[in-house]
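Asker: Got a sequence here, can you model it:
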Amino acid sequence: MLAANSMSISSLNSCFPVFRRSATGPRRNAGTRVAAQPPTLAILSDPHVLRLAETLEDHLSASSPPPPPPLQKLRDISSESLLSTPWPSRKDEPFRFTDTSYIRNSEIQPVSPYSSQSLGFLGADTDAFSPSLAIVDGYYVESLSKLPELPEGVFVGLLSNIDSDSIMKKVSEYVASFEGDLFWSLNGVGAPDVIVVYVPEGCKVESALHLRFFSLNGSDRNSKTLPVSNPRVLMMVEKGGEIDIVEEYSGGDGNDKCYWTNSVMEVVVGEGAKVSHSYIQTQSLGAAHVKWTSVRQESSSVYQQIELSTGAKLNRHNVHVQQVGPDTLTELSTFHLSSGDQLQDLHSKLILNHPRGVSRQIHKCIVAHSLGQAVFDGNVQVNREAQQTDAGQLTRSLLLEPRATVNVKPNLQIIADDVKCSHGAAISDLEEDQLFYFQARGIDLETARKALIFSFAAEVVQKFPHKSIQKKAESLIRNLLDPTPTSA
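Answerer: Purely as a prediction, here's the structure:
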């Protein structure tokens with residue numbers, strides 16, 4: 001709920017036939033009338049969004065202790081934003097090619113935390129790096145996490161568990177300081193806590209940090225219920241610090257389970273700091289996975305993101321990077337695979353505001369199903385002060401089946417006049433001359449196609465900084481594109 005002098009999601013419902021709760025008073029019986037809110041706000045409000053937000057609010061108020069001030073601030077700002085944010089439709093440009101009706105038409109059910117004893121079947125992940133955090137349906141599970149002694153000053157854990165006043169003060173500056181869309185705000189209302197990764201000035205964390213997100217609570221395909229989780233991560237790497245993170249999302253038992261993971265990660269990269277970010281998404285093919293990654297880079301900093309997404313019925317990744325200092329490097333590498341009736345969607349925005357910024361973006365996707373879809377909407381904005389910028393953007397797509405669909409929208413907005421910028425887009429099946437090259441050397445057509453498809457993905461997969469992740473990614477892609485075992 002918002003503060004007494006603010007407007008909550010619930011109080012706006014007084015404008016509609018069913019009233020649930022006032023902004024400052026206790027819950028009232030259905031039908032009780034209170035003073036209506038300003039008519040302009042009521043016109044802008046979406047009743048469906050208000051009901052969904054209220055469901056998330058009620059679930060947290062019933063199951064969670066009072067939040068620390070930064071988390072309460074996040075919830076208040078998110079609630080206020082939702083008062084005037086409608087559910088997106090295909091008429092809205094950012095969702096022109098992204099149909100969210102799967103979520104819109106489902107009965108959303110917030111997930112409650114599991115007991116530690118009931119999660120024993122997950123066991124230890126032998127491939128997990130140490131340190132690692134386990135987050136199950138949006139809730140941090142200490143018993144499944146491995147947090148050995150970290151370098152002095154490093155904090156990895158929940159916002160509500162921070163006992164350092166200096167860290168809490170620094171974190172408070174950036175909680176709720178970013179801006180996103182409807183799903184961003186719904187996460188802000190529904191996140192049970194914020195996972196904080198804090199690296200102090202000059203500290204280099206030698207071991208990769210593995211963030212393992214599990215989605216266990218799911219409904220069957222014929223059910224209208226869609227359990228939702230709202231994990232949220234804030235990462236702060238101060239001046240000269242370095243960290244390598246692996247962010248991985250996977251489903252529980254059954255590849256057809258239906259659920260909605262609505263996730264947010266905020267990254268602050270300080271002056272001269274470096275963050276290497278590996279992101280892997282292999283959710284159930286019946287799931288909805290909506291992800292926000294927002295990055296703020298200060299001068300001379302480096303941010304590298306490598307993404308592999310093969311899961312979810314509806315997968316949308318919003319990447320927003322802002323360079324707020326000169327001599328800054330941003331690298332984004334993405335591989336999406338639609339092996340079934342799936343939508344794989346990447347919406348990215350890079351804003352360069354200072355001189356000598358460098359950005360490199362490569363997006364690759366394969367649509368291997370006649371009902372599969374892919375979307376790339378990439379925007380690079382080079383503002384007037386960003387002189388001597390070097391920005392490159394490339395998207396390439398393979399359509400392997402008739403009626404497979406991809407929509408690409410590479411976009412460069414350049415105001416500065418002393419820049420070196422380029423972008424390109426290509427959509428095709430495998431080239432005939434490439435296949436002929438293999439066949440001319442005695443390699444059959446099927447083997448040639450497989451070799452070319454796997455090499456198409458390898459350009460991104462090989463960018464993962466860890467061999468174990470590369471091998472895992474290669475095996476996953478092979479199994480999805482060629483599920484039948486090869487006979488001996």
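
Asker: okay, CA-based contacts and neighbour counts for the rest of this
Answerer: Fine.

Asker: Find the residue closest to L52 in space, skipping its chain neighbours.
Answerer: I108 (7.3 Å; CA to CA, 6 or more residues apart in numbering).

Asker: got a list of what that neighbour touches?
Answerer: I108 makes contact with L52, T225, L226, P227, V228 under the criterion CA atoms under 8 Å, 6 or more residues apart in numbering.

Asker: gap between it and C258?
Answerer: To C258, I108 is 11 Å away according to CA to CA, to the nearest Å.

Asker: who touches both of those two?
Answerer: L226, P227.

Asker: can you pull up the bridge partners for the residue nearest to L52?
Answerer: L226 (DSSP bridges).

Asker: what pLDDT does it get?
Answerer: pLDDT, I108: 95.

Asker: Equivalent analysis for L234, please.
Answerer: 97.

Asker: Please give the element, helix or strand, for it.
Answerer: For L234, the host element (DSSP states H and E) is strand 232-237.

Asker: That strand pairs with which strands, and in what direction?
Answerer: strand 195-199 (parallel), strand 260-269 (parallel).

Asker: Out of the ones you listed, flag the one nearest S185.
Answerer: With CA to CA, the closest approach to S185 among those belongs to strand 260-269: 9.7 Å.

Asker: CA atoms only for the helix or strand just after that closest one, dumped as CSV, please.
Answerer: Sequence-wise, the next helix or strand downstream of strand 260-269 (DSSP H and E) is strand 274-282. Output in CSV follows, covering the C-alpha atoms of strand 274-282 (Å, rounded to 0.1, in the frame of the first residue of the first chain):
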residue,chain,number,x,y,z
LYS,A,274,33.5,-4.7,-15.4
VAL,A,275,30.5,-7.1,-15.4
SER,A,276,30.4,-10.3,-17.4
HIS,A,277,26.8,-11.6,-17.6
SER,A,278,25.8,-15.0,-18.9
TYR,A,279,22.0,-15.4,-19.2
ILE,A,280,20.4,-18.8,-19.9
GLN,A,281,16.6,-19.4,-20.2
THR,A,282,15.3,-22.9,-20.6
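
Asker: Who does V290 form a beta bridge with?
Answerer: N262, R316.

Asker: Check the gap between the spatially most central residue of the chain and I366 for me.
Answerer: With distances taken as CA atoms, centre = their mean, K291 lies nearest the centre of the chain, 2.2 Å away. The gap separating K291 from I366 is 20 Å, by CA to CA.

Asker: same question, S299
Answerer: 36 Å.

Asker: where along the stretch 51-200 of the chain do the strands fall?
Answerer: 107-110, 132-136, 139-146, 155-158, 195-199 (DSSP state E, counting those that start in this stretch).

Asker: Format those as a markdown table; extra columns: distance to Q323.
Answerer: Shown next, in a markdown table, are these (distance: least, CA to CA, whole Å):
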| stretch | distance to Q323 |
| --- | --- |
| strand 107-110 | 35 |
| strand 132-136 | 29 |
| strand 139-146 | 31 |
| strand 155-158 | 25 |
| strand 195-199 | 20 |
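
Asker: The nearest residue to D220 once chain neighbours are set aside: neighbour count?
Answerer: In this structure, D220 finds its nearest non-sequential neighbour in K257, 5.5 Å apart by CA to CA, 6+ apart. When neighbours are counted by other CA atoms under 10 Å, K257 registers 23.

Asker: mind listing what K257 touches?
Answerer: Counting by CA under 8 Å, 6+ apart, K257 touches G218, S219, D220, R221, S284, L285, G286, A287.

Asker: same check, this time on S78
Answerer: S78 touches S185, L186, G188, V189, counting by CA under 8 Å, 6+ apart.

Asker: Can you check what pLDDT the model gives the second one?
Answerer: Looking at L186, its pLDDT is 97.

Asker: Residue ranges in this structure under the pLDDT threshold?
Answerer: Low-confidence segments of the chain, defined by pLDDT under 70: 1-44, 115-118, 120-129, 252-254, 430-437, 439, 483-488.

Asker: The strand or helix carrying I243 to strand 274-282, inter-axis angle?
Answerer: Assigned by DSSP H and E, I243 belongs to strand 242-251. Comparing the axes of strand 242-251 and strand 274-282 via axes from the mean of the first three to the mean of the last three CA atoms, to 10 degrees yields an angle of 10 degrees.

Asker: which residues sit against strand 242-251?
Answerer: By CA under 8 Å, 6+ apart, strand 242-251 touches 199, 202-216, 237, 273-284.

Asker: repeat for stretch 203-217
Answerer: 111, 128-138, 150-151, 199, 227, 240-253, 259, 261, 283.

Asker: do that again at 6 Å, thanks
Answerer: Contact partners of stretch 203-217, identified using CA atoms under 6 Å, 6 or more residues apart in numbering, comprise 129, 131-137, 241-252.

Asker: Spell out which residues make up each domain of the chain.
Answerer: As recorded under automatic domain parsing, the domains making up the chain are 1-68, 88-324, 431-488.

Asker: out of the ones you listed, deepest packed?
Answerer: domain 88-324 (a mean of 19; mean count of other CA atoms under 10 Å).

Asker: Just the terminal-to-terminal distance for that domain.
Answerer: First-to-last distance for domain 88-324 - CA to CA - comes to 30 Å.

Asker: Stretch 215-223 too?
Answerer: Across its full length, stretch 215-223 reaches 17 Å end to end, with CA to CA as the criterion.

Asker: What is the distance between it and the centre of its chain?
Answerer: Stretch 215-223 sits 21 Å away from the centroid of its parent chain (CA atoms, centre = their mean, to the nearest Å).

Asker: I'd like to check what contacts stretch 416-432. Which residues are they?
Answerer: 383-384, 387-400.

Asker: Helices along this structure, start to end?
Answerer: 9-12, 39-44, 47-63, 69-82, 101-104, 165-174, 182-190, 432-439, 445-461, 467-481 (DSSP state H).

Asker: if we compare these, which one ends up closest to T334?
Answerer: helix 445-461 (6.5 Å).

Asker: how far off helix 467-481 does that closest one point, in degrees?
Answerer: Angle, helix 445-461 to helix 467-481, by the same axes, to 10 degrees: 140 degrees.

Asker: Alpha carbons only: can I get the strand holding L234 in CSV?
Answerer: What follows is strand 232-237, C-alpha atoms only, in CSV (Å, rounded to 0.1, in the frame of the first residue of the first chain):
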residue,chain,number,x,y,z
ARG,A,232,14.1,-9.2,-8.6
VAL,A,233,17.8,-8.6,-8.5
LEU,A,234,19.9,-5.5,-7.9
MET,A,235,23.6,-5.7,-8.7
MET,A,236,26.0,-2.9,-7.8
VAL,A,237,29.6,-3.0,-8.8
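
Asker: can you state the direction angle for it and helix 182-190?
Answerer: Using the same axes, to 10 degrees: strand 232-237 against helix 182-190 is 100 degrees.
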